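**Q** following is a predicted model, sequence given first.
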Amino acid sequence: MLWLLASFTLLPGLVFASMYELAQNTSGDNFFRHCNFVDNAGVDSVLDGYQSYVNSAFAEEHSLAYVDDATGHTIMKVDNTTNIPTITGGPRNSIRIISQAAYSMGSVWIIDLFHAPYGCGVQPAFWSMAPTQVGGTLDGFIRTFETENKGVSSIMRLRTAGECNAPSSNPNQNASSIVNATDCNATCMTTNAGFISYAREFNNGGGGVYITEFASTGISIWSFPRSNIPHSILNTKTINTTALGTPVANWAASICGGSDGFHQNFLPQSLVIEIMLCGDLSYYLFNQTCPPGFCENYVLGNGSQFGEAYFEIGSVQVFNQSIDTTSSTSASNNATATATSGTRGGSKANKHKGTTIEIVISVICGFLIIMAVALLVYKRRKNTSNSKGDPVPFFSTQQGNINVVHNPMHMPPRPKSPNIEMAADLNTAEEKRPSSLTATAGPAPAETTELLEELDMLRRRLAEVTESVAGDTPPPTYYSESNDENAD
């Protein structure tokens, strides 16, 4: 009964644990209002690169970051007009922005990409990090979308400050994904090899969406090409990650030794969009898809070779777990840690609609639980009835020193020890006991007397062995007629 009640208590959390409500929709003219441009003065030294990040004024003046009037899409790009001398020149200008808000566990963020930066020396990324990481620290970060040069697959990475190790194979992620590295303190990496998730083919197909779930149970990433985006995430105020299928990358909280270690390694995350040049990946893998030579030399010279090095973004959306459908502990973790702009999305009508659906589902689940309880009680009463069909009362009857328990549902678990066969004999003796014993008065028949004596002896033997097992004392030598014969 207790497990049934516990299931009823936990059921709402289990049903709605993956439901999230829209908290912020960043798109169009308001896209850059919710983020800060990071110039070279604020660049961390984690992944380096051979670019010069510019501030918002410079980006606007040189059309490196703007909203396209025709489509309403956000454009962020590398300088593709400047010719940089190969001898006296320096890094090429590029863009990096960081959200003004940091999102705690219990969040989902989605980026809608129509075009991803592509080309030799290019290393674009949509990722997240703890705000303190800007100074060069190594608090846990999550790289949702990242790739290099002219590769055809995107890469997903984690890095932690503490000891965290991912499994070399993971049944909770897409079978086509490739685990490249498992030491998250250095970097744990998975390649999204299920479809062409980058390069010219990705862009020609209209791009796609990348989804990250940052939950207390772990981190999951999904990706879908434009032609296969689930309808459940199109123009929605809520998202259910369980409806997205198997993620292309998954890291459970257990990689850091459990929930506590996971929380310590992944602080609230700020979202980052950047185009790095000759970063760690594009530098070391440059000659695999690009002309022989050094990556930095390619960055210099004619800027026209970076004509494809730009982001075209439809939107970035952030969802938070619904406070109404999670436990108070989880709800406290779902609040935005640092937020200086943006309002919680969704109208009152949508919220009432969501609440109504939740109530209906809860009522149905409650009805099923009640039916299960009724069935259990019925079977219990049926199994504990006497020969006349009357239920046996739930009480104990004293027969000398024997405590006969009439309700088998309350029997304590039998110890797994050498007295298991003895317990089986005891059950047999109880089955032989006539049901009329509790209802008769006066002298008992001889057969009944023998059964009671046998039952008494077996119960005392069982109690003595159980006591010896619990107290680590040697089992006693049991008295029987054979003992008297041996003694003679």
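**A** Received, thanks. Numbers count the residues shown, from 1 in each chain.
**Q** which helices and strands does the helix or strand where I98 lies pack with?
**A** For I98, the element it lies in under DSSP states H and E is strand 96-103. Using 3 or more CB pairs under 8 Å, 6 or more residues apart in numbering; DSSP states H and E as the contact test, the elements touching strand 96-103 are strand 35-37, strand 269-277, strand 310-321. In this view, the C-beta of every residue, glycine as well, is placed from N, C-alpha and C.
**Q** rerun that using 6 Å as the cut-off
**A** For strand 96-103, the packing partners by 3 or more CB pairs under 6 Å, 6 or more residues apart in numbering; DSSP states H and E come out as strand 35-37, strand 269-277.
**Q** contacts for the shortest one next, please.
**A** Residues from elsewhere that reach strand 35-37, judged by CB atoms under 6 Å, 6 or more residues apart in numbering: 55-56, 97-99.
**Q** let's see 10 Å
**A** Contacts made with strand 35-37 from outside it, assessed by CB atoms under 10 Å, 6 or more residues apart in numbering, are listed as 26, 42, 53-60, 64-65, 95-101, 134, 270-273, 316, 340-341.
**Q** next, give phi and psi for T86.
**A** In terms of degrees, to the nearest 10, the main-chain angles of T86 are phi -70, psi -20.
**Q** show the buried residues in the contacts of strand 35-37.
**A** For the contacts of strand 35-37, a neighbour count by 16 or more other CB atoms under 10 Å gives the buried set as 26, 53-54, 56, 58-59, 64-65, 95-101, 134, 270-273, 316.
**Q** neighbouring strands - and their directions - for whatever helix or strand comes next after the strand holding I98?
**A** Taking DSSP H and E as the definition, the helix or strand that follows strand 96-103 towards the C-terminus is strand 107-115. Here strand 107-115 has these sheet partners by DSSP bridges: strand 208-215 (antiparallel), strand 310-321 (antiparallel).
**Q** can I get stretch 297-306 as PDB, trimmed to CA atoms?
**A** What follows is stretch 297-306, C-alpha atoms only, in PDB (Å, rounded to 0.1, in the frame of the first residue of the first chain):
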ATOM      1  CA  ASN A 297      48.000  32.600 -42.700                       C
ATOM      2  CA  TYR A 298      44.700  31.800 -44.200                       C
ATOM      3  CA  VAL A 299      42.900  34.300 -42.000                       C
ATOM      4  CA  LEU A 300      45.100  37.100 -43.400                       C
ATOM      5  CA  GLY A 301      44.900  38.300 -47.000                       C
ATOM      6  CA  ASN A 302      41.700  38.700 -49.000                       C
ATOM      7  CA  GLY A 303      38.600  38.900 -46.900                       C
ATOM      8  CA  SER A 304      36.300  37.600 -49.600                       C
ATOM      9  CA  GLN A 305      37.200  34.000 -48.700                       C
ATOM     10  CA  PHE A 306      35.000  34.500 -45.600                       C
END
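**Q** can you list the buried residues in that stretch?
**A** Using 16+ other CB under 10 Å, the residues of stretch 297-306 that count as buried are 298-300, 303, 306.
**Q** can you redo the residues you listed as JSON lines with pLDDT, distance to F141 and secondary structure?
**A** Conversion of the buried residues of stretch 297-306 to JSON lines gives the following (pLDDT from 0 to 100; distance: CB to CB, whole Å; DSSP: H, G, I helix; E, B strand; the rest coil):
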{"residue": "Y298", "pLDDT": "91", "distance to F141": "27", "secondary structure": "helix"}
{"residue": "V299", "pLDDT": "92", "distance to F141": "24", "secondary structure": "helix"}
{"residue": "L300", "pLDDT": "90", "distance to F141": "29", "secondary structure": "coil"}
{"residue": "G303", "pLDDT": "94", "distance to F141": "30", "secondary structure": "helix"}
{"residue": "F306", "pLDDT": "96", "distance to F141": "26", "secondary structure": "helix"}
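**Q** now, which of the residues you listed sits nearest R226?
**A** Nearest to R226 among the buried residues of stretch 297-306 is F306, at 23.8 Å by CB to CB.
**Q** quick one: the nearest residue to that closest one once chain neighbours are set aside from Y20, how far?
**A** Ranked by CB to CB, 6 or more residues apart in numbering and with sequence neighbours excluded, the top spatial neighbour of F306 is N80, at 4.2 Å. Applying CB to CB, to the nearest Å, the value for N80 to Y20 is 37 Å.
**Q** check C256 too.
**A** Look at C256 and Y20: by CB to CB, they are 23 Å apart.
**Q** for I255, which three-state class applies?
**A** helix (DSSP: H, G, I helix; E, B strand; the rest coil).
**Q** isn't it right next to F262, touching?
**A** Yes: if you go by CB atoms under 10 Å, I255 and F262 touch, sitting 7.5 Å apart.
**Q** between those two, which contacts overlap?
**A** Between them, I255 and F262 share the contacting residues 160, 164, 218-219, judged by CB under 10 Å, 6+ apart.
**Q** which single one of these is nearest to I196?
**A** Closest approach to I196 among those (CB to CB): I219, at 23.7 Å.
**Q** assign the nearest residue to the closest one once chain neighbours are set aside to helix, strand or coil.
**A** Among residues not flanking I219 along the chain, W251 sits closest, at 4.8 Å (CB to CB, 6+ apart). Each residue gets one of three states, and W251 gets strand by three-state DSSP.
**Q** W251: neighbouring residues, count only.
**A** 28 (other CB atoms under 10 Å).
**Q** touching, it and C164? I think so.
**A** Yes: in terms of CB under 10 Å, W251 counts as a neighbour of C164; the distance is 8.3 Å.
**Q** who touches both of the two?
**A** With CB under 10 Å, 6+ apart as the test, W251 and C164 both reach 158, 182, 184, 188, 262, 266.
**Q** as JSON lines, those residues with secondary structure and distance to M76 would be great.
**A** Listed next are the shared contacts of W251 and C164 as JSON lines, based on DSSP: H, G, I helix; E, B strand; the rest coil; distance: CB to CB, whole Å:
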{"residue": "L158", "secondary structure": "strand", "distance to M76": "24"}
{"residue": "T182", "secondary structure": "coil", "distance to M76": "32"}
{"residue": "C184", "secondary structure": "coil", "distance to M76": "28"}
{"residue": "C188", "secondary structure": "strand", "distance to M76": "27"}
{"residue": "F262", "secondary structure": "helix", "distance to M76": "32"}
{"residue": "F266", "secondary structure": "coil", "distance to M76": "26"}
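**Q** among those, name the buried ones.
**A** Applying 16+ other CB under 10 Å to those, the neighbour count classes 158, 182, 184, 188, 262, 266 as buried.
**Q** quick check: the farthest pair among those?
**A** The two members of the buried ones among the shared contacts of W251 and C164 with the most space between them (CB to CB) are T182 and F266, at 17.0 Å.
**Q** start and end of stretch 142-154, how far apart?
**A** Between the opening and closing residues of stretch 142-154 we find a distance of 14 Å, counting by CA to CA, to the nearest Å.
**Q** which parts of that stretch are buried?
**A** 142-151, 153-154.
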